[in-house]
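Undergrad: A predicted structure for the sequence below; I have some questions about it.
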Amino acid sequence: MIVRFEPFGVEVEAKAGDRLLDLALEAGVHINASCGGEGVCGKCRVHIEQGQVQGGLSEKISAADAEQGVRLACQSVIQEDLVVRIPVDSAMDKAGLAALASGPAKIAKLIGAEELKEQGRFQPALVKVLVSAPPPSLEDNRNDVARLLTALKAAGEHSFVFDFEAIRDLPDAWRDGDWTVTTTIMRPVDPAKGRNHVIRVEPGDTTARNLAVAIDLGTTTVWAQLIDLGSGEIIGTEGDFNEQISYGEDVISRIVYAGKPGGLEKVRQAAVRSINKVLHQLSKKTQNDLSEVSLATLAGNTTMTQLFLGVQPKYIRLEPYVPSAAYYPPIKAKEFGLELPDHVSTLVFPSVASYVGGDVVAGVMGVGMHRDEALTLFIDLGTNGEVVVGNKDWMACAAASAGPAFEGGGIKFGMRASKGAIENFSVDPFTGEPALVTVGHAKPKGICGSGLIAVVAALLMTGLIDERGHFQVDHPSDRLRVGDDGPEYVLAWAKDTAIGRDIALTEPDVDNLLRAKAAMYAAYMTLLEGVGLSIQDLERVILAGGFGQSINLERATIIGLLPEMEPERFMFVGNGSLLGARLVAMSNPLRGDVGGIVEQMTNFELSVAPGYMDNYTGSQFLPHTEAKTLFPEAYAKLEETKAAIKAAAK
């Protein structure tokens, strides 16, 4: 379906169910809207000149206007080809249109259970084997373990080691199950070198319920997925904030706190509580009991991993920056306070270096970078930002402390990308009036990471902030003002919000974003320079991280976060850490790849890398101090838009 926006002559493709306001913003067509798309402010009035929409009527539109085709764009759902006219009181001058348009994100094709099955690699680390045996007699009074071993060998299973808990539970299990039991077995990574590990026995047949949880322990957030190891189905996904934030928003602050008397255990317990909270939310959401979980996999950066395990991380921040270990053995979840059954083991992803951890290893494994010939730049956008460049033959990696801005942290009204978070935005350069859309089209509560990028890019392109991130406070709009924290822009007035307060973006917020994007830009540019490559040498860029999938390429390039290159070379994977943790649970062959990835990566320590500080300092502008050379298209758009706005203002 085609939607045409007049008087601008902009045509965009749409699909049934799209909301008109969302489509307009993605097309670069500004429509005043300040309530987040809930339909209560009544500012996003449009005329439907051809075609019909579903909805769009409210008490804000009179019967006479409705008869003339007036609708609210935020409540109008597309059903067919449309011609939509933006009235003067809702529209922005055409000067800003080109700067605000955005293209669709290219989602990377990720490997899943079906592909693993086709490739013969769907081999879960944990399996359940149902066996039966004749009951003992005076003629056959072998011990219960010997009877189980005979039954397992008859089922084609060989070479075992037993957990004590399984031996303890076996006598009752045999008899309660009328001499039929389900044996839970942890497979070795290499069958030629390891042994099958019997971790649990249950009476009767429980093979239909074999669940695993994959956990991403991030600096700012914790995510978990519940997986059916029988089918490979993802039963559910849940996330929440990491309670460790109260001990510091970045890894360095938490390392310092963990070095204080009793600090390490407090920070460790905060991580445990966060994981348990998410697991119980996941259990409730999916109506699956955690007692049916048999395996947990966990990926996190090096600091998060050591803090969770209670391993003192202080040497990570002290030169020469040494972590405690690269690899950890399977660990019983109960020993670390996770509220999972006693038999559940946790497989923890190994780390490469002090600041390149298991989350990146999981992401690289998850996207198959270690098996692909394409020269790839992998960027994990998060509080602890990590980058990897290379292919199946070699890989180099580095990390930079970006801070929590990308996940809404350190921002006055920052929040994660949940209902009510501002995620899309444009602004009229003359009136200062915004168009904003929130997650779930609810009243605004705050601003998430992708929304922060959208807002700063739009304010820059319309001249309401300058290249240093300073606000144009002499603008006639009352949305630009000086608040308690200095100059700020009011995104939504208190009456239009869900929190009863004005939601504003402050100059310190912009400064936090500038530092975060500068750290990421400097990290990947310094790494590329270190291996003798340039942006143009790359065949693809893979973006991972909690908000990577929702990021707008053009806006991220305009502010200088992402390199300027063809959009077709970018791919999005979302939470790469969680992806890798899930795949390891489903595929022992992929689990076997993990060690090879760690050994293949060469770490660059950016704190001593030549050129890092120059790259960082140059990137603390929008988009860069050398924008004309490094971001020529963004620079040209900025200049073109400035000239158009100046001409229109005369």
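TA: That came through, no problem.
Undergrad: go ahead and confirm P136 touches R142.
TA: Yes. Here P136 lies in contact with R142, judged by Cβ atoms under 8 Å, at a distance of 6.8 Å. Just so you know, the C-beta spots here come from the backbone N, C-alpha and C atoms, and that holds for glycine as well.
Undergrad: which one's more surrounded, the two?
TA: The residue with more neighbours, out of P136 and R142 and counting by other Cβ atoms under 10 Å, is P136; that gives 15 against 12.
Undergrad: next up, phi/psi of the closest residue to S401 other than its chain neighbours, please.
TA: Leaving aside its sequence neighbours, S401 sits nearest to D250 (Cβ to Cβ, 6 or more residues apart in numbering; 5.6 Å). The phi/psi pair for D250 (degrees, to the nearest 10) reads phi -120, psi 170.
Undergrad: and D250, what does it touch?
TA: With contacts defined as Cβ atoms under 8 Å, 6 or more residues apart in numbering, the neighbours of D250 are 219, 383-384, 401, 403-404.
Undergrad: between those, which is nearest I61?
TA: For those, the minimum distance to I61 (Cβ to Cβ) is 41.2 Å, reached by P404.
Undergrad: the closest residue to E373 other than its chain neighbours: neighbour count?
TA: Among residues not flanking E373 along the chain, N391 sits closest, at 5.6 Å (Cβ to Cβ, 6+ apart). By other Cβ under 10 Å, 15 other residues sit near N391.
Undergrad: now swap in Y315 and tell me
TA: Neighbour count of Y315, defined by other Cβ under 10 Å: 15.
Undergrad: ok, the residue lying closest to it once chain neighbours are set aside - how many residues close by?
TA: Excluding the flanking residues, the one nearest Y315 by Cβ to Cβ, 6+ apart is V322, at 5.1 Å. V322 has 10 neighbours, counted by other Cβ under 10 Å.
Undergrad: V322 belongs to a helix?
TA: No. Looking at V322 with DSSP: H, G, I helix; E, B strand; the rest coil, it is coil, so not inside a helix.
Undergrad: quick one: contacts for it?
TA: So V322 contacts 315-316, 354 (Cβ under 8 Å, 6+ apart).
Undergrad: can I get those residues in TSV including distance to K277?
TA: As requested, these are arranged in TSV below (distance: Cβ to Cβ, whole Å):
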residue	distance to K277
Y315	30
I316	26
S354	28
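Undergrad: out of the residues you listed, which one sits closest to P7?
TA: Using Cβ to Cβ, S354 is the member of the contacts of V322 that lies nearest P7, at 56.8 Å.
Undergrad: do you know how far that closest one is from V608?
TA: 13 Å (Cβ to Cβ, to the nearest Å).
Undergrad: out of those two, which sits in the busier spot?
TA: A side-by-side neighbour count of S354 and V608, using other Cβ under 10 Å, places S354 first with 25 against 10.
Undergrad: what helix or strand is that one located in?
TA: For S354, there is no host helix or strand (DSSP states H and E).
Undergrad: contacting residues around it?
TA: By Cβ under 8 Å, 6+ apart, the residues touching S354 are 302-303, 316-317, 321-323.
Undergrad: need the max-distance pair from those.
TA: Farthest-apart pair in the contacts of S354 is T303 and V322; separation 12.7 Å (Cβ to Cβ).
Undergrad: which residues do those two both contact?
TA: 316, 354.
Undergrad: nearest spatial neighbour of F5, chain-adjacent residues omitted?
TA: Leaving aside its sequence neighbours, F5 sits nearest to V29 (Cβ to Cβ, 6+ apart; 4.6 Å).
Undergrad: of the contacts of S354, just the buried ones, ChimeraX syntax please.
TA: The buried subset of those, as determined by 16 or more other Cβ atoms under 10 Å, is captured in ChimeraX by this line:
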select :302,303,316,321,323
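Undergrad: and which of the contacts of S354 is nearest to K266?
TA: Of all the contacts of S354, T303 has the smallest distance to K266: 15.1 Å, by Cβ to Cβ.
Undergrad: what about the helix or strand hosting that closest one, distance to the chain center?
TA: Counting by DSSP H and E, the element that carries T303 is helix 302-309. Remark: helix 302-309 is offset 19 Å from the chain centroid, using Cα atoms, centre = their mean, to the nearest Å.
Undergrad: okay, it in PDB with CA atoms only?
TA: Taking C-alpha atoms only, helix 302-309 is exported to PDB below (Å, rounded to 0.1, in the frame of the first residue of the first chain):
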ATOM      1  CA  THR A 302      33.900  -9.700  32.500                       C
ATOM      2  CA  THR A 303      33.000  -7.500  35.500                       C
ATOM      3  CA  MET A 304      29.400  -8.700  35.700                       C
ATOM      4  CA  THR A 305      30.500 -12.300  35.600                       C
ATOM      5  CA  GLN A 306      33.000 -12.000  38.400                       C
ATOM      6  CA  LEU A 307      30.600  -9.900  40.500                       C
ATOM      7  CA  PHE A 308      27.900 -12.600  40.100                       C
ATOM      8  CA  LEU A 309      30.300 -15.400  41.000                       C
END
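Undergrad: give me the next element, helix or strand, following that helix.
TA: By DSSP H and E, the next helix or strand past helix 302-309 is strand 331-332.
Undergrad: tell me which helix or strand of this protein sits lowest on mean pLDDT?
TA: One helix or strand of the chain scores below all others by mean pLDDT, DSSP states H and E: helix 97-100, with a mean of 40.
Undergrad: mind listing residues that contact the helix holding T303?
TA: 217-219, 244, 251, 254-255, 258, 264, 267-268, 271-272, 275, 298, 300, 312-313, 316, 323-324, 328, 331, 336, 348-349, 351, 353-359, 384.
Undergrad: follow-up on the earlier one: now the residue nearest to Y315: how far from V348?
TA: Noted for V322: a distance of 18 Å to V348, by Cβ to Cβ.
Undergrad: what's the answer for I453, then?
TA: Taking Cβ to Cβ as the measure, I453 falls 32 Å from V348.
Undergrad: the two: who's more crowded?
TA: Using other Cβ under 10 Å as the criterion, I453 and V348 rank with I453 on top: 27 against 23.
Undergrad: what's the offset of the helix or strand harbouring the more buried one from the middle of its chain?
TA: Per DSSP H and E, I453 falls inside helix 449-461. How far helix 449-461 lies from its chain's middle: 18 Å, per Cα atoms, centre = their mean.
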